[in-house]
Each structure stands twice: as structure tokens, then as C-alpha cells.
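Undergrad: Just need the structure, nothing else, for what follows:
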Amino acid sequence: MHRRTGLPTRHGLALAVLAAAAVLTGCGSGEAEDGSPARASASAPRTPQAASATRDSVEADIVAAIRKAGVDPAVGKTTPVRNGAKRPDMFDWIGVLKAPEAEPARVAADAELERRGWRKVSESGTVHRYKKGDWNLLSAAMGAQELPTLQEGTGALSFTATLLDAP
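TA: Coordinates of the predicted model:
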């Protein structure tokens, strides 16, 4: 355990893996989803979906998806609160499960996220990228081969949502 935060040190490693996956899947690459260079437009109309995706609704979607996957959200850790305030641009959750349960839980949670309006943008192995409004979300299931710090027979389930395209 990390002495200052009380979070397992593998949490930091998992976030590093997810950040690398974001780069590999094109999250924040400066390209549009069709591969052409992104063009910012101040006059571009906002979709109703973008207006409805708030930090609290994103957290509610992720927690509901975790529950729908049969996982108690309390078994995981989050880092969205700093100095007593929720980060307005991020919500993450990571939990350690038995290895055979991590990937099926991710699949079930992803199905619930899609039902709640998240649109799959890309996937790379067991890391899937979703978008809802201005929010980007990475869902991942990782085992000891991806995270060597995991104990044998365990796997990590992770969801990281970030507001990247804020006006």
C-alpha cells in the first residue's frame, strides 16, 4: 500500500497501462475518428448527448455498469476526490478480481455502458475506448501478463473516464 494515499501501488501502474492504451487507441491523438486531422470549430453545434454527460452522470454510469457486471463497486478504489472535492474532469475505478472473472465482468459492464449511451470508438485487446459527449472512457481487464504486480490468479478491472474535449 502507498503510505500517503492508502491506495495499492499497482493502481498507479494500472493507470500508466491505461494511459499507454489511450495513446495506442488514438485517445487524444489530435485526429478525428475517421483518421483525418481534427478541426476545432467554435461554432460547431453541441449535441444533446454532450449536454447530458456530466461528471456525476459519468460516475453513475460507471458504477451502475460495475454493479450490472456483478461486481460490488466497494471492492475497487477510485481517485477522483482531491482535497475533499471531486475532480470535475475525471472519474476512475479499479478493482482486483479473480483472474477468470475480470474479462467477463468487463464485457458485461461494457454492454451496460453502451445501453446507457456510451459509443464504442475503438478496441485494442481487452482495452476498449468509449465516448459520450465530451467524455472519453477506457475500460480494461488485465491479468498478470499485463500487470506483473498482480498476484497469481488475480486480474484487474479498470474504468477511467476523462473530459478531454472540454470547451
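Undergrad: make it CA atoms for all contacts and neighbour counts henceforth
TA: Fine.
Undergrad: Strands along this protein, start to end?
TA: 81-82, 85-86, 90-98, 119-124, 127-132, 135-142, 154-163 (DSSP state E).
Undergrad: buried ones in the last one?
TA: With burial defined by 16 or more other C-alpha atoms under 10 Å, the residues of strand 154-163 counted as buried are 154, 155, 156, 157, 158, 159, 160, 161, 162, 163.
Undergrad: Out of the helices and strands in this structure, which is least certain?
TA: When each helix and strand of the chain is scored by mean pLDDT, DSSP states H and E, helix 9-24 comes last, with a mean of 41.
Undergrad: on that earlier part again, among the buried residues of strand 154-163, give me the pair with the biggest separation.
TA: Farthest pair in the buried residues of strand 154-163 (C-alpha to C-alpha) is 154 and 163. Separation: 30.0 Å.
Undergrad: how many other residues sit next to residue 151?
TA: When counting by other C-alpha atoms under 10 Å, one arrives at 13 neighbours for residue 151.
Undergrad: do the same with residue 149
TA: By other C-alpha under 10 Å, the residues close to residue 149 number 14.
Undergrad: roughly how far apart are it and residue 156?
TA: 11 Å (C-alpha to C-alpha, to the nearest Å).
Undergrad: Good, wrapping up.
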